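Student: Quick one, what's the 3D model for this:
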Amino acid sequence: MNTEKYLSYLDSLSEYRRVHSLNVSKEAVRFAEKYGGDVEKARLAGLLHDVTKETDNERQLQIIENGGIILSKLERRSPKLWHAISGACYVRDVIGIQDEDIFNAIRFHTTARAGMSQLEKIIFLADFTSAERNYPDIDVIREHAEHSIEEGMLYGIKFTVGRLVSRGDLVSPDALAAYNEILLMKK
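Tutor: Numbers count the residues shown, from 1 in each chain. Prediction:
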């Protein structure tokens, strides 16, 4: 895949989001090389994972509907999750990338889910640990990610769920399913 031709899809993004997308792509490539993933798919999914992040909510809902996705009650009440879903549909339906693994990597990059492919795990973790990220515990998350992709994901999901619960926000059942699946694999 020639990812250079897809760079133009980042033109409408803010400078911060464009840099973030490039950083996620770079980190995804590094994780793919480290953990045995498809480097080109990781590069492309990382590059495009936030393609609709700055799209207005009404347009995102239209992209999701046009993509044949019916949002759950929780998803409908969680607009912060929409960009992952609309982004996956946009990449498939507008850009024309007909790769289910790339679709799912973008679709679940914010929540994770049980049964993730290697590419899905890579994009989830690359988004979490990209170079410009500076939230509390980022160094701990990065350290876990260097030991194993699952350790990094487990810590990242714990961190996210903890923040959501402390703010009284909804928690995606996909995140909990991913967390439980990783824990069960370890025991």
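
Student: Okay, now the unreliable bits of the chain?
Tutor: 1 (pLDDT under 70).

Student: Mind jotting down where the helices sit in it?
Tutor: According to DSSP state H, the chain carries its helices in the segments 15-35, 39-48, 57-66, 73-76, 82-90, 100-107, 118-129, 138-147, 149-167, 173-186.

Student: Let me have the ones you listed in TSV, extended by mean neighbour count and distance to residue 6.
Tutor: C-beta here means a position set from N, CA and C on the backbone, and glycine is covered the same way. Shown next, in TSV, are the helices of the chain (neighbours: other CB atoms under 10 Å; distance: least, CB to CB, whole Å):
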stretch	mean neighbour count	distance to residue 6
helix 15-35	19	10
helix 39-48	24	6
helix 57-66	15	17
helix 73-76	13	26
helix 82-90	24	12
helix 100-107	23	11
helix 118-129	26	15
helix 138-147	16	25
helix 149-167	17	24
helix 173-186	16	26
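
Student: Any figure for the gap between residue 179 and residue 33?
Tutor: Residue 179 sits 26 Å away from residue 33, taking CB to CB, to the nearest Å as the criterion.

Student: One more: residue 16?
Tutor: 26 Å.

Student: what does residue 139 give?
Tutor: Residue 139 is 22 Å from residue 33, by CB to CB.

Student: Excluding covalently adjacent residues, which one is nearest to residue 30?
Tutor: Counting by CB to CB, 6 or more residues apart in numbering, residue 30 lies nearest to residue 126, which is 7.9 Å off, once chain neighbours are set aside.
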